[in-house]
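Colleague: coords please:
(chains A, B and C)
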Amino acid sequence: MWASASFVGVLIIIGVPLWWKTTEVYRVALPYDKINAFDPMSHFISSELTVLANDDKTAQDIAKQIEKAFEQSDVIKLKIKKQVLSKELQHILDSVADEQEALEEVAATFNTNIHNTFYVVQRKPLFKDVWVGTERVAFFRDVKAAPTLVEALVHWIYEPSVLNGARSETADPARQIRFPSGPGFHVVLSVVHPKPQLMKVDFNARDAVEDYIGSFVDEISDLHNFTLKSQWLHLLEFNFEAKEVTDSPGDRHFAVRQDRLPLLLTRLEERAATHVSERPTLNLALYVVPCDTAPLVLYDADNKRVSSPVQAFMSPKWGGVVLGNPTQQECQEKLYKPNVNLIMGTFLSQLRKLLGITDKRAVGGARLEALRRAAPRRWERDALLRLRALEQLASAQASLASLAELLGEISNIVINDEVGASINLAVDSIQRAGQLLERGDLLEAHKYAQQGFLAAETAFMEPSLLALLYFPDDQKYAIYIPLFLPIMFPVVLSLKNLILWFRGKPVHKEKID
Amino acid sequence: MFKSGIFNIFLTLLIQIKGDDFKEEIFIKPLPPSHLYVDFHFITLVNGEESFEHSYLAPRSLGEIMSRYQVDELHLTLTEGQWKHNQWGYPVLDAAPGAELYAWFNTDVIDVDIQWKKLSSTLSGLFCASLNFIETFNTITPKMSLWPTGAQKPKQNYTSQLRYASLPREIVCTENLTPWKKLLPCESTHGFSSLLNSRMIHNTNYHSIGVHVRRMCVDNNCLETNLEIKQTVALVYDFKIINSMDWSFRKLFGQGLPGACPLSSSSKIYVDTTSNSTYRFKLTPEPNLILLSQRGGSETELAVYNINNSIMMNIVAKYETKSKLFVNIPPPLSFTRYVLGYGKEFGGIVTELTNNYWAPIDVVLLENAPWWLPIQLSSLRVNGEAESKLILSQYYSPGRSRQKPYHLELLLHLPPKSTTTLTIDFEFVFLKWQEYPPDANHGFYIGSALISANLPTAKNYTSLPITGNTFDSIVNASKPWYPMVFRTNGAMVSLPTPDFSMPYNVICLACTVVALAFGPLNNICTKELVLKAPGTSISLRQKILNMFKKKKD
Amino acid sequence: MALILKYFVAGLVRYWLIHTDYWQTISNRVEIATPLNSWKRLIEGIYLYDHGIDPYEGDSFHESPIVLVFFHFMLKKVPYLLPLIFTLMDILTAHILYKTSKAFVLILEESQEKIKQNIAKESKTMLLNKSQLNEAPDYVLSVYLFNPYSVLNCVGMTSTVIQNLLVSVSLWGAASGQRLLACTFIALATHQALYPILLVVPISILLANVNKGCNKCSYNRTLLIFVLCWSFLIYISAYIMNGSYSYFYNTYGFILTVPDLKPNIGLFWYFFTEMFEHFRLLFVCAFQINALALYVVPLTLRFHKEPVLLATVLIALSTIFRSYPCVGDVGFYLAFLPLWKHLFTFMQQKFIVGCAFIITSVLGPTVWHLWIYSGSANANFFFGVTLSFATAQIFLITDLLFAYIKREFTLKHGSSRQIDGKPAKLVLR
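Modeller: As a prediction, the model looks like this:
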C-alpha cells in the first residue's frame, strides 16, 4: 500500500507541477484593462491665450468671440485670460514705429517664451487688421478686427483640423506630406554632379548644411534628434527628356514634364545608400544641370511653366530636389558657383513642410510677417509639439491595442520580461502624456508621448514574440500520451483504493495471473 | 608571440590630403601555362579626423559603419574558388572561400561582442550577403595569426579587440557585386569599374571581391591619420574558358576600357611581363612605361599604362609561341590540407606545409574548427611526433557545443627544403534534428586554416608593402621580411543524420519501452499473489480493464 | 586451484586482447565507450590538464577531478603498466564479487532459516541446501570473468572498470558489515557516475541486518556517513581544480542534462535527437526521475527482507535507464544472476531473453557499420536494436522478480494450484 502511495507521490505530486512548470509558455502579466480603456479621440490639449486690450470691453468682446470660435473643437481647449494694458504700455505701443519694436516692448513686460502660450495684443497703428510675427504675439487693431483675428488664430496658430487629423490616424493632406513621428531623422544633402569632367562645382556642402539646416534644426531639437550629413553623387546621370523651347532669339530653356520627375527620385534612391541606419532620412538633393541642357525649367501638370527663381520640387515623405542651373558665363568658365542662399532657402522651405509645419494660406486682412531667418516661428514650434504629441499618443495607443488583441487571442506567444516592461512603460507614459496635455505642459507631454510611442513600437516589433507561434495543441498531446498515459493509468486507478485505505476500509482489486 | 618580427605599427607615410583622393588600378599577371590573374584596386583616401557624416568621394555608408561601431580596421572578402598557391604563386591579398570578415575595434570599446554582432548584421544588409549568420559560436579571437596593417595607438592591447569569422558556405554572385559597385565614386558607368561586368567576371576559376578599410599615418609623427578604403576584385581566368591563349579586355570583360574615371587622380594598368622571357607575348597598344623592379632578390618587369582620357581602348596580348612545356617552380611556402578517414564516426585533418626555401621559415598556423567538429588536441602530431620540437608556441581554446568553436594556433618552425605534416583527429557530433541545414546530406563545410608567415624572399610575391597603397609602391620595395597571410583550402564533411521524418514515432517507441518496465514493476510492488477460484464472474469493468492490460501466464 | 586457473585465463585473455590490433577498434566502439567513460576522452582531458588548459572548459572530458589526477599521475610515472593495471582491477573486481557472493549466500541461508516455520510441508524440498548455495559464488565468478560484456569493457580500458570495482567493494563492505568501507566506496562510485546512489538503500539494509542492533540508528548512521563522504569528495575535487566548482557542469550536469547525443545502448540518445526543444526539459526530468527516483521506494518496501535481490534489481534498472549506459554495466549486473539460479525454474522467458541478448548484441555492430560506414542503413536500425536490447533487459528483470514472488508464494502455500479440489489460478491482487 505504501508502495502505491510512493508511486502516487512521485508521479502526481512531483510530476504534475514539473510538467506544468517546464512546459508553460512564459507570459508576463499585461495591463489589458488599461489598454482596452484607451481612447485616442478623447485627448485634448489645453492652451493659454491672453488677450491684452486697451480697455475692458474690447478685451471681453474679443475673448467672447474667440471662445465661440473654439468651443466646437474638442481637440484644443483655450484658457482665455483677459487683461487691460497699462497706460504706459498702451502709449508705447501706439507710438512705436514698427512692429518689431512693439514686440520687444511687449516681450519686456510679458514673458513670451513659455511654450503653449499666446498673447493677443491691441495696437492701434496697424496697417492691416491683424499682424502676426515670429514671436508668440499677434497684434490687432480693434474690436472690428475680431473675425480676422479669429480666422488667423484658427488657420495659422492653432490649426485644430490638423490636430484632429493627428489624433485620429486618418490620412489627411497634412499627414500625407509630413514624415511620420520618430525620435530622430537623418538629413542628407546630396549634391548630384552628372558630369564632373566638364564642369567644376564650387559648393561647400558641409558648411551649407551645417549652417542653414543646422540653425533650423537646432530650434526644434526638443522634438527630434537630427543628424546632418552631406554627400556628393558623381556621374549620376538622368535623362530628363527635356524639350528645347525658344523664348526669344538667343534665349532658350529646356522644358521638363512633371511625370518625368519621379524617375529621378528612383535614380537618386539607388545611389543614396540610406540603408545603414534605422532612422528615416530626409533627402535634399541639389542636381547640377549639365551645360548642354541648361537651364532646365519645370512644367507642371497643366503644362504651364513654373516661374520662380529656383526650380525645385518636393516628394512627400522622401525629400526635395533643387535643380541648379549654371548661367551661360559659368558654362564658358567651366566653374559653377551656386547661390547658396537661394538654394538653401528652398531646401529649408521644403524641410519645413516635410517636418510638419504647414503652409499658411492667406487670410484677408491679416498680415503674416515673412521669415527672415532659418529658424521656425515660435508658435510654429508649439504647433509642431502639439501635433507630434497627439500623433505619437494616438499611434502608441493603436499599436498597444492591436498588440494586446493579438496576445490575448493567441495563447502560445511567449511574452518575456522585456516585452512586458516595454508595454508597461508605454502604458504609463501614455497616461502621463495624456494628463500633461490636458494640463497644457507641452514639452513634458511631448517627451512622455515620444517615450510611450517608442516603447510601444519596441514591444510590437520584438522578434521574440514569434516563438512558439505554431505548436498546435493536438501535437502536444501526441507527445505526452506515449509516456504518461501508460504510467498514469494504473496510478490513477489505484488512487481510489489508496483513499479508501487511508480511511481504513478494505481494499479490493484484481489482476489475472 | 611572433619572435621573428613584429610588424611596425608606427607607419610612415607622407600624404597630404585635402578632401578625398581616389585612385584606380588594374594589375594583370599571366600565370603560365594557362591562367591569367587580374586584380582591380580602387583606393580612396579620406582625411580620417573628420567625421563621416560629410563625404565627398568616399562611400558614406562605409564611413558611417566605421564610426558608428568604432571600428579601427575592417577586412571583408567574398570569394568563390580556391587559389592554387603551388601553381599560381601568391595573390596580392589572399581570401578564404566563402565569406570572411575580421575587424579590430577601438580600444575604447568595452563589449566587443555586441559591436561585432551589430557590425556583421549591418554589413550583411549592405552587401546582401548572409553575414548575419556570424554569431559567438563561430567567431574566434586569433592571438598570433592576424596583425593590424593600419596605424594603431601604441601600448594598447588590441588583440582582445579583434574578431574573426569565416562562413565557408557563402556564395558570391551578382547580388553582392552590385551593392559593392555602388560604393565606388564612379559607380559602374565610368572608369575601371565599368569593366566589372558580372556575367564575365563570374565565369572565372577564382573570383573574390573585398573591402579593406584601415588607417594610415599622414606623416612621420603620426599625429593625424587618413582612412584608406580599398575595394578589390581578384579574378583568375582560365584560357580554356575564354578559348584562346591570347587575351584582350574585350575577351575578358566583354567590352573595351572606356577610359579613366574623371574623379580619379590616377588610373593605371600594370601588366607583369616578367614571364615574357619564356612565354613571349606582345602587348598592343604599347605601354607608356616599362618598370624594372628588384624586390628581395627577384626581378619583376612591369608594363605601365597611364590612362587619363576617356577614349575607349582595348589592351590586347598576343602570344608568339602557342605550346611549350611548362616546369612549375613551386613558391617558397606551399601547403595543402585535406580530411582523412572514412565513415561518419572519426576522422582527421591533415595540413601539409612545404618549405621550398633554403632557410627555415617560421609560420603561425590557425586552425578554426567549428563546434560540431571536436578536435582532440592530444592527437596532434607533427611529422608523426607528439611533442615535436618544431612547435615553438601553442595556443588552444577548447570549444563547447553550441557555444564556441575550437581554436588552435601553433607557431611552427619549418626546416628548410622539407614538408611538415600536421595531423589532428576529430570526432563527429550527433546534432539535434532541428540543427541540420535544409539539405543535410550536402555536407558541412569546414573553413580554411590561416597560415601567417614572414617570408624571407619576394619570389612570387605580389602583395603591396604595408606602407604603400598603390601598385607603384612595390617597385624596388625590398624589405627584410615580406608578410603574408595565406588561406588553405576548405574541406567538407558529411555528418551522420537521424531520420527526420520520425519524431513522433521515436517518442512513441521509446516511451513504450519505458512504460513496459513500469507496468510489471508497479504490479509487483503494489499487489500480491493469491489463488483465485475460476468461474467467478468478471465485472464489466474488469473485462474492459483486462482488454487494456497484458495477460501473463 | 581451479579458481587461480580461472583468474589466470581471464587475465590473460584481457591482457592479450589489449595488446592486439583490435584494441583501438574495441575502445572506440559506441557500445563499449560512452562520452562519460571512454579512454580517448580521458587521454584528452589529461593532455589538456598537463598543458595548463582547464579540461572542463571544453566539452570533451567528463570524469571527476579525482580520476583526472589519478590517471595523470599514472600516465606520467608508469604508462606502460596501465593495461596490466586495468586487467588487475577487473580481476580484483571478480574476486571481490566472489567474496561478496559468498557473504550474500550466508545472508540467504540466514533469511531462509527465519522463514523455515512458515513454509508448507510439500515445499520443503524446494529449500536450498548447503551444496546448492555454495555453487553460486563459483558461478558468479565465472560469469563475471568470462562474459564477453565484461571482457570487452576491460579491454576498452574504460572507467566503468573502476566503477564496477568501487561498487563491488562497497557491496562486499555492506555484506560483511563494515560500514565505513561500504559508505566510502559507494560515495566514490556516486561521485564518478551518480547512479550508484540508488545502492545506498540496499547497503543500509544489509548493514542493519549484518550488524545486529537497532535498525533505525544503523540506517541513520549509514546515511550520515555516506553524505559526509560524498561532500568530502566534492570538496576535494573542487580543491584539485583550484577551488572552482565549474567541474560540476561537466560531470553531474552532463549526466543529468544529456547534452551529448552520441548513440549508445540506452534510450536517451535518439529520443532527445528527435525531441522538440520546448519539451526537452520535461522529458529529461521525466527520464531521470524514472531512472533515479521512481522505483526505489516501492521496490524497497516490497523486498526489504531480501536486500540482495533489491541490490541486483536496482543495479539492473539503473543500467537500463541511465543516460549513458555501456556493456560494462550490463556485464556487471549479469554477474549477480547466478545467485538466483534457484529462481530459474520459475522464470518463464529465459529462452526469449537469452536469444534477444545474443541477437541484439550481434546485430548492433552490424547495423552500426551499415549506418555509419556503408551508408546503406539509417539511424532507425541502430535505434531499433537498442530498443530491443533494452526490452530484453527489462523482461529479464521483471521475469526475475515475478519468479521470486511466485517462489515465495509456493514456499508458503505449496505448489498445488487448487482450492477445495478445484483448479484455481494464481492471480495478482
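
Colleague: Any idea what the closest residue to residue A:306 other than its chain neighbours is bridged to?
Modeller: Distance criterion Cβ to Cβ, 6 or more residues apart in numbering or on different chains; nearest residue to residue A:306, sequence neighbours excluded, is residue A:298 at 4.6 Å. C-betas here are computed from N, CA, C, even on glycine. Counting by DSSP bridges, residue A:298 forms beta bridges with residue A:256.

Colleague: What's the separation between residue C:284 and chain B?
Modeller: Using Cβ to the nearest Cβ, to the nearest Å, residue C:284 is found at 13 Å from chain B.

Colleague: cool, and residue C:214?
Modeller: Taking Cβ to the nearest Cβ, one finds residue C:214 at 27 Å from chain B.

Colleague: Next, count neighbours for that residue.
Modeller: 11 (other Cβ atoms under 10 Å in any protein chain shown).

Colleague: Tell me who's in contact with the residue in the stretch 301-450 of chain B that chain A sits nearest to.
Modeller: Going by Cβ to the nearest Cβ, chain A is nearest to residue B:310 of the stretch 301-450 of chain B, at 7.1 Å. For residue B:310, the contact set (Cβ atoms under 8 Å, 6 or more residues apart in numbering or on different chains) comprises A:197, B:190, B:258, B:259, B:260, B:262.

Colleague: now do residue B:28
Modeller: Residue B:28 touches B:36, B:37, B:38, B:39, B:269, B:270, B:271, B:272, counting by Cβ under 8 Å, 6+ apart.

Colleague: Using PDB, write out the CA atom coordinates for stretch B:230-244.
Modeller: C-alpha atoms of stretch B:230-244 as PDB (Å, rounded to 0.1, in the frame of the first residue of the first chain):
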ATOM      1  CA  LYS B 230      40.300  49.900 -50.600                       C
ATOM      2  CA  GLN B 231      37.900  47.800 -52.700                       C
ATOM      3  CA  THR B 232      39.400  44.900 -54.600                       C
ATOM      4  CA  VAL B 233      38.400  42.400 -57.100                       C
ATOM      5  CA  ALA B 234      40.700  39.500 -57.800                       C
ATOM      6  CA  LEU B 235      40.000  37.200 -60.800                       C
ATOM      7  CA  VAL B 236      41.800  34.200 -62.200                       C
ATOM      8  CA  TYR B 237      40.800  33.500 -65.800                       C
ATOM      9  CA  ASP B 238      41.300  30.100 -67.400                       C
ATOM     10  CA  PHE B 239      42.400  30.300 -71.000                       C
ATOM     11  CA  LYS B 240      40.300  27.200 -71.700                       C
ATOM     12  CA  ILE B 241      37.200  29.200 -70.800                       C
ATOM     13  CA  ILE B 242      38.000  32.200 -72.900                       C
ATOM     14  CA  ASN B 243      39.000  29.700 -75.600                       C
ATOM     15  CA  SER B 244      42.300  31.200 -76.500                       C
END
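
Colleague: is any part of it close to chain A?
Modeller: No. Using Cβ under 8 Å from any Cβ of the partner chain, stretch B:230-244 stays clear of chain A, coming no nearer than 14.2 Å.

Colleague: mind checking how far that stretch is from the chain centre?
Modeller: The chain centre lies 19 Å from the centre of stretch B:230-244; the measure is Cα atoms, centre = their mean, to the nearest Å.

Colleague: Give the buried residues for it.
Modeller: Residues of stretch B:230-244 classed as buried: B:230, B:231, B:232, B:233, B:234, B:235, B:236, B:237, B:239, B:242 (neighbour count, 16 or more other Cβ atoms under 10 Å in any protein chain shown).

Colleague: Derive a PyMOL selection command for the buried subset of the contacts of residue B:310.
Modeller: In PyMOL, this line selects whichever of these come out buried by 16+ other Cβ under 10 Å:
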select buried, chain B and resi 190+258+259+260+262
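
Colleague: any low-confidence regions in the stretch 251-400 of chain B?
Modeller: Applying pLDDT under 70 to the stretch 251-400 of chain B flags the ranges B:322-324.

Colleague: Smallest gap between it and chain C, at which residue?
Modeller: Closest point on the stretch 251-400 of chain B to chain C, by Cβ to the nearest Cβ, is residue B:398, at 2.5 Å.

Colleague: Strands of the stretch 1-150 of chain B, start to end?
Modeller: B:21-31, B:35-47, B:71-80, B:98-105, B:139-140 (DSSP state E, counting those that start in this stretch).

Colleague: can you check the stretch 151-300 of chain B too?
Modeller: B:162-167, B:206-217, B:225-238, B:247-248, B:266-272, B:281-284, B:289-295, B:298-306.

Colleague: closest one to residue A:267 among those?
Modeller: Across the strands of the stretch 151-300 of chain B, the minimum distance to residue A:267, taken as Cβ to Cβ, is reached by strand B:225-238, at 22.1 Å.

Colleague: Could you check the angle that closest one makes with strand B:21-31?
Modeller: 30 degrees (axes from the mean of the first three to the mean of the last three Cα atoms, to 10 degrees).

Colleague: Which two among the buried residues of stretch B:230-244 are spaced furthest apart?
Modeller: Largest pairwise distance in the buried residues of stretch B:230-244, by Cβ to Cβ, is 28.6 Å, between B:230 and B:239.

Colleague: For chain B, give me its nearest residue in chain C.
Modeller: residue C:58 (2.5 Å).

Colleague: pLDDT score assigned to that residue?
Modeller: Looking at residue C:58, its pLDDT reads 88.

Colleague: which residue packs closest to it, ignoring adjacent ones?
Modeller: residue B:398 (2.5 Å).

Colleague: hang on, the earlier thing: farthest-separated two in the contacts of residue B:310?
Modeller: Maximum distance among the contacts of residue B:310 (Cβ to Cβ): 12.2 Å, for A:197 and B:258.

Colleague: before we move on, the earlier item: what secondary structure does the residue of chain C closest to chain B sit in?
Modeller: Under DSSP: H, G, I helix; E, B strand; the rest coil, residue C:58 falls in the coil class.

Colleague: low-scoring stretches of the chain, by residue?
Modeller: Using chain A. A:273-275, A:467-471, A:505-513.

Colleague: try again with chain C
Modeller: C:123, C:125, C:416-426.

Colleague: Residues of it that sit close to chain A?
Modeller: Counting by Cβ under 8 Å from any Cβ, chain C sits next to chain A at C:276, C:278-279, C:281-283, C:285-286, C:289, C:293-294, C:297-298, C:301-302, C:425-429.

Colleague: how about 7 Å then?
Modeller: Residues of chain C lying close to chain A (Cβ under 7 Å from any Cβ of the partner chain) are C:278-279, C:281-282, C:285-286, C:289, C:293-294, C:297-298, C:301-302, C:425-429.

Colleague: ok, residue 58 - contacts?
Modeller: No chain specified, so I'll use chain A. A:122, A:142, A:143 (Cβ atoms under 7 Å, 6 or more residues apart in numbering or on different chains).

Colleague: look at chain C instead
Modeller: B:398, B:399, B:400.

Colleague: Apply 8 Å and report the result again.
Modeller: Counting by Cβ under 8 Å, 6+ apart, residue C:58 has contacts B:374, B:398, B:399, B:400, B:406, C:48.

Colleague: what's the longest helix in chain B?
Modeller: helix B:503-526 (DSSP state H).

Colleague: how's chain A carved up into domains?
Modeller: If you go by automatic domain parsing, the domain ranges for chain A are A:42-164+A:361-373, A:179-355.

Colleague: follow-up on the earlier one: close enough to count as contact, the residue of the stretch 251-400 of chain B closest to chain C and residue C:48?
Modeller: Yes. Between residue B:398 and residue C:48 there is a contact at 6.8 Å, judged by Cβ atoms under 8 Å.
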